[in-house]
Each structure stands twice: as structure tokens, then as C-alpha cells.
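S.K.: Predicted structure and sequence below. I'll ask about it afterward.
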Amino acid sequence: SLDADMFKLSENAMKLANISTMTVGTGEASKELRLNGKVEVDERSSYTQATHIPGRIEQLRVNFTGEKVSRGQSLATIYSPELVTAQEELLQAQDIKESQPELFAAAKQKLRNWKISDAQIDRMLTRGEPIERFPITADVSGVVTELMAEQGDYLERGMPIYQIANLDKLWILFDLYETDLNWVKEGSMVEYTVQSIPGKTFEGKIDFIDP
């Protein structure tokens, strides 16, 4: 007398099949997921330090990864034939600045375009001779995560020397499988542990789900 889609089990068969029942209604449903992941640098706080002066690296003052650097710190020294020529043009323009002030202004601007400060330009003019080696200073503070050039390399303007990251804020990236997507939403709270800090549990909120 049962419907074609229904079947009946004896009490013993119910126990063997480990069947349990509950009354359907409203209530709180929850599911715990255990995921593996890794700590990553926040891409938004990673910076590629490039040279603004073309030339040969004479000295790398920071030469290993993991070293902390501060904004304005000298990272490397560069010898640049192009910059020496530009300084010679400036000194020549200084001699005729009364008659051709626009030429003198253009020579100074050319150096400013290479991020040479007015103080350094004034020092060149006071010395009366070109400065041969110039420092490359850090644009940001952080930790060097990658060395991208070596001493003796000849670099064009804009080529990278270091990768610098601010490690004050990091991402925790978890591997989430398709079958679990329905259980995870942006804004959900997550508890996690880190192998390098045993015995401590951290809490965070999901900010982003990679599509």
C-alpha cells in the first residue's frame, strides 16, 4: 500500500542503517569548516623600488631579504654618465644664466626630472663640478622581500631594484572548495591558528572571496 517512492524498514534495519529522525521546523543551523591556508603579504602594501637614475650600481647598501628599511634611507649608489653630462650642462648654463635664464632653468628642471633635489642641485653649483655618484633612497618604509638587481648591474631609468612590503598588515588566504561555498559569506567570522605561534587562536572577518 506504500507510494512507489516510499519504502519501509524494520526496527532492526533502522538501527543497522543508523537512521535518525527529527521534526521539521525553524531553528539554528550551523556548520563548521576546517580549512588550510597560508599567510601572505597584502598586495596593496607591496612596493617595487625602482631607480629614477640610469646608470651602473656601484654599491648595494641593502643586500639581503628580510632587512628593514625606512623611507628616505639610502639603499644603493649609482654612477650615471648621463647624469654627469646633465650636470656639466647645468654648470655651463650657470655661466650664461644672465643672458639666457631660460636655458639655466631648463637644465635645472632636467635634473629635477631625475628626482634630484634642489639642495643637491645647489651643492653641484657650489662645488662647480659634477657629482659622480648618487644615492637611491627608499620611497617607502618596510621589509625587503626580494632583491631584483645586483652590484655592477647597469639599469635603465624605472628598472626595479627591490621589492619592499609593509608587514604590519597581512592576508590570511584559505583554500575554499566549491562544495563549501554556500557556507561562507563576506563578513563571516573565522577562528584560525598559525603553526609558528602554537597555542594561540586568532579571530578575523572574511573581507574577500576570490571569484
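M.R.: Arrived safely.

S.K.: So which residues of this protein form helices?
M.R.: Remark: helices assigned in the chain by DSSP state H are 11-16, 81-95, 101-112, 118-127.

S.K.: Rebuild those helices as JSON lines, extending it with distance to Pro135.
M.R.: For every residue, glycine as well, the C-beta is placed using N, CA and C. Shown next, in JSON lines, are the helices of the chain (distance: least, CB to CB, whole Å):
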{"stretch": "helix 11-16", "distance to Pro135": "80"}
{"stretch": "helix 81-95", "distance to Pro135": "12"}
{"stretch": "helix 101-112", "distance to Pro135": "15"}
{"stretch": "helix 118-127", "distance to Pro135": "10"}
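
S.K.: Among these, which comes closest to Phe202?
M.R.: helix 11-16 (43.0 Å; CB to CB).

S.K.: coming back round to it: okay, the helices of the chain in JSON lines with mean pLDDT, mean neighbour count and distance to Lys200 next?
M.R.: Formatted as JSON lines, the helices of the chain follow (pLDDT from 0 to 100; neighbours: other CB atoms under 10 Å; distance: least, CB to CB, whole Å):
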{"stretch": "helix 11-16", "mean pLDDT": "92", "mean neighbour count": "10", "distance to Lys200": "44"}
{"stretch": "helix 81-95", "mean pLDDT": "88", "mean neighbour count": "16", "distance to Lys200": "52"}
{"stretch": "helix 101-112", "mean pLDDT": "88", "mean neighbour count": "15", "distance to Lys200": "51"}
{"stretch": "helix 118-127", "mean pLDDT": "86", "mean neighbour count": "12", "distance to Lys200": "49"}
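
S.K.: Tyr177: which of these is closest?
M.R.: Nearest to Tyr177, of the helices of the chain and by CB to CB, is helix 11-16 at 31.6 Å.

S.K.: looking at the helices of the chain, which is closest to Ile161?
M.R.: Comparing the helices of the chain by CB to CB, helix 81-95 comes nearest, at 16.4 Å.

S.K.: I'd like to know which of the helices of the chain is closest to Ile206.
M.R.: Set against Ile206 and scored by CB to CB, those come closest in helix 11-16, at 40.4 Å.

S.K.: The helices of the chain: which one's closest to Lys205?
M.R.: Short answer: helix 11-16, nearest of those by CB to CB, at 43.2 Å.

S.K.: Mind giving me the packing neighbours of the closest one?
M.R.: In terms of contacts (3 or more CB pairs under 8 Å, 6 or more residues apart in numbering; DSSP states H and E), helix 11-16 is not packed against any helix or strand.

S.K.: and that helix, how far from the chain's centre?
M.R.: 60 Å (CA atoms, centre = their mean, to the nearest Å).

S.K.: Thr65: how many residues sit nearby?
M.R.: Other residues near Thr65 come to 12 when the count uses other CB atoms under 10 Å.

S.K.: do the one 4 residues further on as well
M.R.: A count of nearby residues for Val69, using other CB under 10 Å, gives 21.

S.K.: excluding its backbone neighbours, what's nearest it?
M.R.: The shortest distance from Val69 to any non-neighbouring residue, by CB to CB, 6 or more residues apart in numbering, is to Ala138 (4.8 Å).

S.K.: And for Tyr154?
M.R.: Closest to Tyr154 by CB to CB, 6+ apart is Arg56, at 4.9 Å.

S.K.: All good on my end, thank you.
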